[in-house]
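K.L.:
A structural model of the following input is requested.
(chains A and B)
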Protein chains: 2
Amino acid sequence: MEFIEKTIERETIFKGHIFDVAVDKVELPNGLGTSTRELVFHKGAVAVLAITPENKLVIVKQYRKAIEMISYEIPAGKLEVGESGSEKEAALRELEEETGYVGELSLIHEFYTAIGFCNEKIKLYLGTSLKKVPNPKPKDDDETIEILELSLKECQDMISTGQITDAKTIIAVQYLTLNQERIL
Amino acid sequence: MEFIEKTIERETIFKGHIFDVAVDKVELPNGLGTSTRELVFHKGAVAVLAITPENKLVIVKQYRKAIEMISYEIPAGKLEVGESGSEKEAALRELEEETGYVGELSLIHEFYTAIGFCNEKIKLYLGTSLKKVPNPKPKDDDETIEILELSLKECQDMISTGQITDAKTIIAVQYLTLNQERIL
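P.N.:
Residues are numbered from 1 along each chain as shown, chains lettered A, B, ... in the order given. This is a model prediction of the structure:
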C-alpha cells in the first residue's frame, strides 16, 4: 500500500508574520484520484517546563486571541526567521524574556501540535537549576503576561478543572508527573 | 492588570473547508497601543485512545501532507458543520470508520492544540470494551490508512525514537502510562 500524496499544484493564500496558508491539489495514492489539502505553515516554536529551586512550575497567565480567553501555559515562543543560534538558545531567551529566569535545558519531546493541517513543531525542554537574572532581556512589547509559580498538584488540579487547556502544557505536566521522583 | 485584547477590526483572509483565516487588529490592554493577530479558526476535533481486549492501543498509520511525512496517531477526526448528535457520537463514528471498532467512550481531556494562533479544540476520549463490527461505516474516500494494534511499551518506544510525533497521541500515551493499572 502506498501512502504518499504527490503535490500537483499549490495555491498560496496568505503570507503572514506568524504563518503562511496554502491549498495543495494532490494526487492520492493507490489510484484514488485527486483531492485538496488546506495547509498552515509555521516556523516552529519552543517551550520550557521550568522547575524553580522550590520545586514549583513556572506558568504564564496570558490572553489568547484565538480563543478569546485567558490561558495558563508553560513559557513558550515561536522561532524567528533567521534566528541566530540553536533552538535551545531560543528557548533560553524566551524563558528569560517571559520569566526572568535562566537555567539548564534538556530536550523532553518534539511534537507537531495540529498535524492534520499544520506543520508547527514544538521542541519542549525541561528547565532546571533556575536562577533569576538581575536585568532580564525585555519581553515582546505587545505581550501582557503574569508569571505564576505553582506546585505540580496545583497544575494537575487546573487540568482536571479545565483551567489548563493547552496541549503543550498538558504534555509537560503529564511528563513531570511521570518523572517527579527524578526531577522534584 | 488587564489582559483582554479588544477587536478593533477583522479582515477575513480565507474561508476553507477545514479552517478559516482572519487577521484581527486589536487594542492591547494597559495602554500598550494596538497590534495585529493572525488567526486560524477550526471547527474542532475528536480523538480516541482505543484499547483492544488484548490491551493494545489502536494506532492509525497515515500520510500527513502538512509535514510531508507518514505519521502514527490515535484515531481522530474533525467535527463536521451541522453534525447531528454529540461530540461523543462523532468520536464513535470516527472510531468505527477508521478502525472498524465500536466501544464505550469516556472523556479524558479537552485541549487546544495550537493556542497561540488557532482555536482548534480536541476532545480526547478513552475507548474500552471494543468490539469489531461486521460491516463498519466506510471511511472518507480520500483517506489511505493502515490500522496497527501496538502495546503501550511499543508506543512509548515510538515516542522516544521520534516515530510518534503527534501531540494528541503523546498526551494519550502519557495518560495511559499514568493510569495503566486501572485501564490495562
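K.L.:
quick one: the strands in chain A?
P.N.:
Using DSSP state E, the strands of chain A run over A:6-15, A:19-27, A:34-42, A:45-50, A:57-64, A:69-73, A:76-78, A:101-112, A:121-132, A:145-150.
K.L.:
and the last one, what does it pack onto?
P.N.:
Strand A:145-150 is packed against strand A:57-64, helix A:87-99, with contacts defined by 3 or more CB pairs under 8 Å, 6 or more residues apart in numbering or on different chains; DSSP states H and E. C-beta here means a position set from N, CA and C on the backbone, and glycine is covered the same way.
K.L.:
Just put the strands of chain A in JSON lines and tack on distance to residue B:91 and mean pLDDT.
P.N.:
Putting those into JSON lines (distance: least, CB to CB, whole Å; pLDDT from 0 to 100) gives the following:
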{"stretch": "strand A:6-15", "distance to residue B:91": "30", "mean pLDDT": "98"}
{"stretch": "strand A:19-27", "distance to residue B:91": "27", "mean pLDDT": "98"}
{"stretch": "strand A:34-42", "distance to residue B:91": "22", "mean pLDDT": "98"}
{"stretch": "strand A:45-50", "distance to residue B:91": "27", "mean pLDDT": "98"}
{"stretch": "strand A:57-64", "distance to residue B:91": "25", "mean pLDDT": "98"}
{"stretch": "strand A:69-73", "distance to residue B:91": "24", "mean pLDDT": "98"}
{"stretch": "strand A:76-78", "distance to residue B:91": "28", "mean pLDDT": "95"}
{"stretch": "strand A:101-112", "distance to residue B:91": "21", "mean pLDDT": "97"}
{"stretch": "strand A:121-132", "distance to residue B:91": "25", "mean pLDDT": "98"}
{"stretch": "strand A:145-150", "distance to residue B:91": "31", "mean pLDDT": "97"}
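K.L.:
of the ones you listed, which approaches residue B:136 most closely?
P.N.:
Residue B:136 lies closest to strand A:34-42 among those, at 21.7 Å (CB to CB).
K.L.:
Dump that closest one to PDB, keeping only the CA atoms.
P.N.:
Provided in PDB are the C-alpha atoms of strand A:34-42 (Å, rounded to 0.1, in the frame of the first residue of the first chain):
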ATOM      1  CA  THR A  34      -7.200  13.800  -6.600                       C
ATOM      2  CA  SER A  35      -8.100  15.900  -3.500                       C
ATOM      3  CA  THR A  36      -7.200  19.200  -1.900                       C
ATOM      4  CA  ARG A  37      -5.300  19.900   1.300                       C
ATOM      5  CA  GLU A  38      -5.700  23.200   3.200                       C
ATOM      6  CA  LEU A  39      -2.400  23.800   5.000                       C
ATOM      7  CA  VAL A  40      -0.900  26.200   7.500                       C
ATOM      8  CA  PHE A  41       2.900  26.600   7.500                       C
ATOM      9  CA  HIS A  42       4.500  27.800  10.800                       C
END
